[in-house]
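Engineer: let me see the structure of the following:
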Amino acid sequence: MRFSVYQISRRGGREKNEDRMGYCYTRDSGLFALADGMGGHPEGEVASQMSLQTMAGMFQRDAKPVIREPRRFLTESILAGHHALIRYATERALLDTPRTTIVACILQGREAYWAHCGDSRLYLVRGGRLQARTRDHSYSELQESLNGVVPLGDKVNRNVLFTCLGSPGKPVIDLVGPVSLQPGDKLLLCSDGLWGALDDDTITRILAEGAITEAAPDLVERALRIAGEKSDNVTVIAVEWESAEDDETLTGIETDALGDDVFASTIQAGAGVGNPDDLLDEAEIERSIREINEAIKRSAQKRS
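Structural biologist: Below is the predicted model:
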């Protein structure tokens, strides 16, 4: 399995960054996930971090070295994150539960599977064209999907989400896959801070035109400039499947040399939970990726 990945997060005009992101992989399977803690509820940064930690922990347990049922795994791991938030609130007697959106993707073999809850999105771009995009769990997209058959009424805020992790009801989870991948396919996972400022055509064009190491930060900076001082947190993970990038770079990853028991992750256990000033800076991200690449080299040396 060969792919390139680039992740970046910016606080924008908010007091704290409630977005979280990360990826983990074994020799034959990769998980990429992003969560956006919801404002108006307590400890959004805790909600997003816990949801990713729960998913990464289950991936480490189940990917031996593949996930046997990716669709089932995505559903169960997202629900496990939801239940973890309910327990967290109950144990601390919180009046409200921390809440988050989430989008996650598994790359395995030559196929992709993804799932989401809320309005964090996944884009799949191939040959300069948008092949697929998740549909937000908002009343506006619900009405659009139903072609106006079900009127929402003037009192409904169409930007409000009708589901998320940590909500009183069972989360709605949309699943897609398997989707066959082609070399050079690009996937983008992002929080609403990005797509709220940039339309789909712009996101597709910029992602298609250049390497993900250039496109991802370009998209983030454009979104911040357009949104201005009131910008939301802006977070993205960009992945290029079977890319031609140099495997020695921070973004290029080749997993064929990994042993059956090797698990690598940029989702750090406990990182950022309860720390509102955590900005997920690039230095920390690069340190994690360097550790992963070193683990790959050690595994390859043992096998040779």
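Engineer: now the residue positioned nearest the centre of the chain: how far from Gln131?
Structural biologist: For the chain, Leu34 is the residue whose C-alpha lies nearest the centre (C-alpha atoms, centre = their mean; 2.3 Å). To Gln131, Leu34 is 19 Å away according to C-beta to C-beta, to the nearest Å. C-betas here are computed from N, CA, C, even on glycine.
Engineer: please name the nearest non-neighbouring residue to His41.
Structural biologist: Nearest non-adjacent residue to His41, counting by C-beta to C-beta, 6 or more residues apart in numbering: Arg99, 4.6 Å away.
Engineer: swap in Arg71?
Structural biologist: Arg71 sits nearest to Leu175 (C-beta to C-beta, 6+ apart), 5.3 Å away.
Engineer: where does the one you found land on pLDDT?
Structural biologist: Looking at Leu175, its pLDDT is 97.
Engineer: for it, name its beta-bridge partners.
Structural biologist: Ala115 (DSSP bridges).
Engineer: so which bits of the one helix or strand Val179 maps to are buried?
Structural biologist: Assigned by DSSP states H and E, Val179 belongs to strand 174-180. Neighbour counts over strand 174-180 (16 or more other C-beta atoms under 10 Å) mark 176-177, 179 as buried.
Engineer: OK, contacts around the residue nearest to His41?
Structural biologist: By C-beta atoms under 8 Å, 6 or more residues apart in numbering, the contact list for Arg99 reads 37-38, 41, 44, 47, 85, 164-167.
Engineer: who wins for most neighbours among these?
Structural biologist: Ala47 (33 neighbours; other C-beta atoms under 10 Å).
Engineer: got a list of what that residue touches?
Structural biologist: Ala47 neighbours (C-beta under 8 Å, 6+ apart): 18, 35, 37-38, 41, 85, 98-100, 165-166.
Engineer: next: Leu107.
Structural biologist: Contact analysis of Leu107 by C-beta under 8 Å, 6+ apart lists 1, 3, 29-30, 32, 181, 239, 241.
Engineer: give me the three-state assignment for it.
Structural biologist: strand (DSSP: H, G, I helix; E, B strand; the rest coil).
Engineer: per-residue pLDDT, it?
Structural biologist: What the model reports as pLDDT for Leu107 is 97.
Engineer: separation between it and Asp136?
Structural biologist: Leu107 is 23 Å from Asp136, by C-beta to C-beta.
Engineer: can you check Val125 too?
Structural biologist: 18 Å.
Engineer: counting by contacts, list what the helix or strand hosting Ser9 packs against.
Structural biologist: Assessed by DSSP H and E, Ser9 sits inside strand 2-10. Secondary structure elements in contact with strand 2-10, counted by 3 or more C-beta pairs under 8 Å, 6 or more residues apart in numbering; DSSP states H and E, are strand 19-25, helix 212-227, strand 234-241, strand 252-254, helix 282-303.
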